[in-house]
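Enquirer: here is my input; please provide its structure:
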Amino acid sequence: MFWRLHCYQPYEGVQRTSSQSGTGACTDPLPGQRRGRARHVLHRIESKWRGLAQCDNQTGALVVMAALRPYEKMPAVNAGAVLLIGSEESHRELLAQAMLREPKAFDVKIHMAHCLPLPFEGDHLRPRFDLVVFLINLHSQLSLNNVLSSMLHLDTYFYLGKICFVATRGKSGEVQHCIVDITTVKDLADKHLSILIQSELDNEDDVTYTAQRLMNILKICAGLVPGISSLYMGSVMKSF
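Expert: Sure, this is the predicted structure:
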């Protein structure tokens, strides 16, 4: 079994690959409580994505890459792939390395990028992404804007349980220095039926705990927990 870590830069290829293996556990299912909103969210996001495509056609701008789709490639057997999106490379690195250290009984591929869309180069080498994690630094408006613009390049089906938000640098002692209100991020996650994890990546224990939670979410999104699909993620939000 292999653990792979890939870093994407604009129009560049893979920078590094790491490997590790182990055993892991899964989370317990909770009864669905919010699936009634799924169709409404899907319709709203589809409308926004179609509007963006129409605007590009009118301006004559070249679309660099179509929306990232969760089901356009075949899944790997007993494996899960996660894509970390964030404007701060150090945060992506810390979280990715912590996830690599977590023992699991399935193959894990971790890819990182500053933003979406991803370049065409190497697209045939990328796996089917089961989970997309957006990292938001509450001390940076640029970080939030980067996430909002990247979300426009995701296929609508990602928003049915296959995305997650991680908010950093929002601890009580630094609230007065936050440029992005945590309420804004909470509303963003709630509108997209997604899990929000608040983490301090300068704390080793917090980084480890966040990595464990993301690995549990990835296992569900990859379909490796019998009887549970990613559609349940909106229902188990509060359990995380």
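Enquirer: so which residues of this protein form helices?
Expert: Taking DSSP state H, the helices of the chain run over residues 38-59, 89-101, 141-151, 182-191, 204-221.
Enquirer: for L125, find the nearest of those.
Expert: L125 lies closest, by C-beta to C-beta, to one member of the helices of the chain: helix 89-101, at 18.0 Å. Quick note: C-beta positions are derived from backbone N, CA and C, even for glycine.
Enquirer: what's the spacing between A67 and V108?
Expert: Relative to V108, A67 is positioned 24 Å away (criterion: C-beta to C-beta, to the nearest Å).
Enquirer: okay, the helices of the chain in TSV with mean pLDDT, distance to V77 and mean neighbour count next?
Expert: As requested, these are arranged in TSV below (pLDDT from 0 to 100; distance: least, C-beta to C-beta, whole Å; neighbours: other C-beta atoms under 10 Å):
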stretch	mean pLDDT	distance to V77	mean neighbour count
helix 38-59	47	28	12
helix 89-101	95	20	19
helix 141-151	96	29	17
helix 182-191	94	31	15
helix 204-221	95	14	20
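Enquirer: tabulate those (TSV), appending distance to A81.
Expert: TSV is the format used below for these (distance: least, C-beta to C-beta, whole Å):
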stretch	distance to A81
helix 38-59	22
helix 89-101	12
helix 141-151	17
helix 182-191	21
helix 204-221	8
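Enquirer: which among those helices is found nearest to K73?
Expert: Ranking those by proximity to K73 (C-beta to C-beta) places helix 204-221 first, at 14.7 Å.
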